[in-house]
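*Asks:* model the following, please.
(one chain, ligands or ions: 2)
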Amino acid sequence: MDKKTFVGGVHPPDCKHYSAAKPIEVCPLPEQLIIPLSQHIGAPAKEIVTVGDQVFKGQTIANATAFVSVPIHAATSGRVMAIEPRPHPSGKLLPAIVIEVDGEDRWDPSLKGLDVAHWNSDELRQRIKAAGIVGMGGATFPTHVKLSPPDDKPIDTLIINGVECESYLTADHRMMLEHSEKIIDGINILRRVLGVKQAIIGIESNKPDAIACMTKAAAAHDIEVQALEVKYPQGAEKQLIDAVLKREVPSGGLPMDIGVVVQNVSTAAAVSDAIRLGHPLVERVITISGPAVVEAKNLLVRIGTPMEFLLQQCDGIKYELDKIIMGGPMMGQSQLSLAAPAIRGTSGLLLFGHQDLPHIEVGTCIRCGRCVTACPLHLLPATIASYAILGRFDEAEDYCAHDCMECGCCTFQCPANRPLVQNLRYAKAGILAKQRRT
Ligand code: SF4
Ligand code: SF4
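*Replies:* Ligands and ions are numbered 1, 2, ... in the order given. Here you go, the predicted structure:
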């Protein structure tokens, strides 16, 4: 199969051997679930339960508060024991609903599946919002918003993201191997909501078993599977669209501006569960991996499970931890401790000791241009970084710093180890602050 790709990007070691062959295991229930009200891009949800309430699995415990927002659900049955600020993967203390688990795991009896054929696209979209479905690749953008393009932006193609280009992560890989039919069902529902015929699943060619599995499942549904070159960030939306369709999302624009909607494979499976079974998004597959973990695993985890509990299911650590990352090593979030819970956007939990990490010194720019060649958005990272350091945000904006997606390719490739992505982040914050003042 012809392998498509985009211009730029880097080739970090994929390190997927720790967990790629490990089938999905169901993680046991912890004693408590810590369910944050903010687990998505957009307005946080607002709680509708009080301390002492009994809740069922799948019951709505917090309502969406805006169009770009989703409700939050209890991930098992039990009693609400606190509503208070708790550690969040963002590093902040944020409001969360703490549930004392009763161990009975009883579903909300009011949750019912739908016969898709009898529901129109607006009704299906509402059901997807009510189920709290968000992008599960890590972006956590509410799915119903992506499925609501304005009339002047007709959609002709649905791209399904099965790339999983971040090193170590294998959750989507296992979903494609073990739940291919459910993913295809979700794709068919998404096509119906959007009113599009063309659907293409993009998968990196380092997952030939997943390509074979999805090709077989898609064969009777007029859904194409496209093998993609192994390169980071192949799974970023703009780079995936570029690779698959050779269309370019304009600066500051969205995929819907060029007739495309992108959804992740696990999101498609969650859509199928929401429509066919009436089950909201209360669990997801997470890869627990890294050289410091005794046994790497792909676990099906209830939303709100503390990270410390996840690590216990992997028999703990081999040596003292120096770095904890939630998500992938390039775009994931470093954690100060294992106190925060897994949330809807948690694709991985990676653990490293001191000896596993590079210990680098920052040097002077040698004008080699490798950061420019690596940047998938064709920016000039060294130039923008210099303007950011000088606080010259007008010039940084002229060089489109605001387009930076913080993929880290420039930093990864820099022989002088310059903290380019941090400088780019600073430039973006400076531009935003400037815009707010005017
Ligand atoms: S972090 Fe930003 S500037 Fe650096 S390579 Fe990625 S998109 Fe380009
Ligand atoms: S890669 Fe590093 S050393 Fe090379 S031009 Fe960019 S910032 Fe300078």
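
*Asks:* number of residues surrounding E123?
*Replies:* 13 (other C-beta atoms under 10 Å). For the C-beta atoms, the positions are set from N, CA and C on the backbone; glycine is no exception.

*Asks:* so what's it scoring on pLDDT?
*Replies:* pLDDT, E123: 94.

*Asks:* equivalent analysis for the one 3 residues further on, please.
*Replies:* According to the predicted model, the pLDDT of Q126 comes to 96.

*Asks:* pretty sure it is in a helix, no?
*Replies:* Yes - counting by DSSP: H, G, I helix; E, B strand; the rest coil, Q126 is located in a helix.

*Asks:* just give the nearest non-adjacent residue to it, would you?
*Replies:* Among residues not flanking Q126 along the chain, H144 sits closest, at 7.5 Å (C-beta to C-beta, 6 or more residues apart in numbering).

*Asks:* now the one you found: which helix or strand?
*Replies:* Using DSSP states H and E, H144 falls within helix 143-146.

*Asks:* mind listing residues that contact that helix?
*Replies:* Contact with helix 143-146 is made by 42, 67-68, 70, 125-126, 128-129, 133-135, 256, 261-263, 267, 271, as judged by C-beta atoms under 8 Å, 6 or more residues apart in numbering.

*Asks:* what average pLDDT does the host helix or strand of Q435 get?
*Replies:* Q435 is part of helix 420-437 when elements are defined by DSSP H and E. Averaging pLDDT along helix 420-437 yields 94.

*Asks:* related to what we said a few turns ago, using PDB, write out the CA atom coordinates for the helix holding H144.
*Replies:* Below are the C-alpha coordinates for helix 143-146, written out as PDB (Å, rounded to 0.1, in the frame of the first residue of the first chain):
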ATOM      1  CA  THR A 143     -17.500  16.000  19.400                       C
ATOM      2  CA  HIS A 144     -21.000  17.500  18.900                       C
ATOM      3  CA  VAL A 145     -19.400  20.900  18.100                       C
ATOM      4  CA  LYS A 146     -17.200  19.300  15.300                       C
END
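
*Asks:* just the buried residues out of the contacts of helix 143-146, in PyMOL syntax.
*Replies:* Command for PyMOL that selects the buried part of the contacts of helix 143-146, burial taken from 16 or more other C-beta atoms under 10 Å:
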select buried, resi 42+70+125+128+129+133+134+135+256+261+262+263+267+271
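
*Asks:* in strands, which of the contacts of helix 143-146 fall?
*Replies:* 261-263 (DSSP state E).

*Asks:* from the residues you listed, pick the one nearest ligand 1.
*Replies:* V262 (17.4 Å; C-beta to the nearest ligand atom).

*Asks:* tell me if I'm right that that closest one and M256 touch.
*Replies:* No - between V262 and M256 there is no contact under C-beta atoms under 8 Å: 9.7 Å.

*Asks:* what ranges of the stretch 201-350 of the chain fall below the confidence cut-off?
*Replies:* In the predicted model, the stretch 201-350 of the chain carries no residue with pLDDT under 70.

*Asks:* all helices for it, in order.
*Replies:* Taking DSSP state H, counting those that start in this stretch as the criterion, the stretch 201-350 of the chain carries its helices at 208-218, 237-245, 265-272, 307-312.

*Asks:* CSV for those, including distance to ligand 1?
*Replies:* CSV is the format used below for the helices of the stretch 201-350 of the chain (distance: least, C-beta to the nearest ligand atom, whole Å):
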stretch, distance to ligand 1
helix 208-218, 26
helix 237-245, 10
helix 265-272, 23
helix 307-312, 26
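
*Asks:* of all these, which one comes closest to ligand 2?
*Replies:* Per C-beta to the nearest ligand atom, nearest to ligand 2 of the helices of the stretch 201-350 of the chain: helix 237-245, 19.7 Å.

*Asks:* got the angle for that closest one vs strand 260-264?
*Replies:* Counting by axes from the mean of the first three to the mean of the last three C-alpha atoms, to 10 degrees, helix 237-245 lies at 110 degrees to strand 260-264.

*Asks:* what number of residues lie near the residue nearest to S180 when sequence neighbours are not counted?
*Replies:* Nearest residue to S180, sequence neighbours excluded (C-beta to C-beta, 6+ apart): A217, at 3.8 Å. Residues contacting A217 under the criterion other C-beta under 10 Å number 21.

*Asks:* the one 5 residues further on too?
*Replies:* Look at D222: counted by other C-beta under 10 Å, it has 11 neighbours.
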